[in-house]
Every structure is written in structure tokens, then in C-alpha cells.
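Asker: only geometry, no sequence info:
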């Protein structure tokens, strides 16, 4: 457990470093996500990947399926500093193994307790959200991702509000 908390804090360190400034940035991104045009409003009704699965062996098997599905597109990631190709590749990989990436983002971040973010700090799980953090934590990328339908408004807001809740919980510790 201590190791997971340490990893979560390492992953969140850039967000904690500036405290109030980061909270303001996330609130500005939430306002932006609420108002800019979005091609997709609601998270799809697709099947969400079970991020909070307790069975480590079963999760490991799913993780291997996901890695195999996303592996062929690794070269594209290296040419993608914005994260758009990575977001698309993750979405396609999820579909290949029978899950929906947008639904996974929404289900994972919608209303979970800030304590659950420590659990998400486990690198095998946090890797699932790397392209989301690359895209949604930047105003211009967020606008483009919503306008192009790379992510639904509902999922973007769930992720950003979850991030705001996490920053708030950390600042109270």
C-alpha cells in the first residue's frame, strides 16, 4: 500500500508542485470543456475496461491483451508530442479487445473518491490514462480533442473534475 501511495504521489507530483495555481488551471480547463463545441456530448454506452478489478491475474491478462492490441502502433506515439495519435490508438486497442476507451475514462473518473486515485497511481493502471492527461491538460489540445470527437464532453469533464478533486484532497493532507 505504501508503495502504491508513493507511486501515486510521483505521478501526481507535477500537479502538487504548484498547488493553488494547478487548481486554478484545472478549473479553467473545466470551464473551457463545458463551453467549447464538442462533437460527442455523452460518454458512449460502450463497455468500460475494469480498471478497479481486484483479481490481479485477470487484470494482468487483460493488460497483456491491451498491450498486444496497442503494440503495433507504438511507432506513431513517438511522432505525437500532443497525444492525439496515442489517444486514437488507445481507443482502437480498447475496441479490439471488446471495451470502449471513452466509457472507461468516464466510469473511472466519474465521482470516485480521491483515495481511489492512489490506487490508480499503480503504473499499470495509470498508463491507461497517459494520452488523456497529455491531451486534456492543455487548452488547445482539449479544444481539438472535443471538436474532433476524440473524447466525449462528459468523459473530459469527469476526468478534469476528478483531477480537481484529487488536487484538493492532496492539498488538505
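Answerer: Nice, I can see it. Note that the coordinates shown come from a computational prediction; the quantities given were computed from them, not determined experimentally. Numbering: from 1, shown residues only.

Asker: all contacts plus neighbour counts: C-alpha atoms, from now on.
Answerer: Will do.

Asker: The closest residue to residue 114 other than its chain neighbours: helix or strand, and which one exactly?
Answerer: Nearest-residue entry for residue 114: residue 166, 5.1 Å, with adjacent residues in sequence omitted and distances by CA to CA, 6 or more residues apart in numbering. Assigning secondary structure by DSSP states H and E places residue 166 in helix 153-171.

Asker: Which positions in that helix come out as buried?
Answerer: Of the residues in helix 153-171, those scored as buried under the neighbour-count criterion (16 or more other CA atoms under 10 Å) are 153-168, 170.

Asker: What of stretch 42-49?
Answerer: In stretch 42-49, counting by 16+ other CA under 10 Å, buried: 42, 43, 44, 47, 48, 49.

Asker: can you give me the helices in the chain?
Answerer: Along the chain, the stretches classed as helices by DSSP state H are 2-17, 20-35, 56-70, 74-78, 84-96, 101-109, 114-120, 123-126, 130-136, 139-148, 153-171.

Asker: Out of these, which one sits most buried?
Answerer: Most buried of the helices of the chain by mean neighbour count (mean count of other CA atoms under 10 Å) is helix 101-109; its value is a mean of 24.

Asker: picking that back up, which of the buried residues of stretch 42-49 has the weakest pLDDT?
Answerer: Taken together, the buried residues of stretch 42-49 show their lowest pLDDT at residue 44, with 79.

Asker: Contact partners for that one?
Answerer: 100, 102, 103, 152 (CA atoms under 8 Å, 6 or more residues apart in numbering).

Asker: Those into a markdown table, with extra columns for pLDDT and distance to residue 30?
Answerer: A markdown table is the format used below for the contacts of residue 44 (pLDDT from 0 to 100; distance: CA to CA, whole Å):
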| residue | pLDDT | distance to residue 30 |
| --- | --- | --- |
| 100 | 95 | 23 |
| 102 | 95 | 17 |
| 103 | 94 | 19 |
| 152 | 96 | 13 |
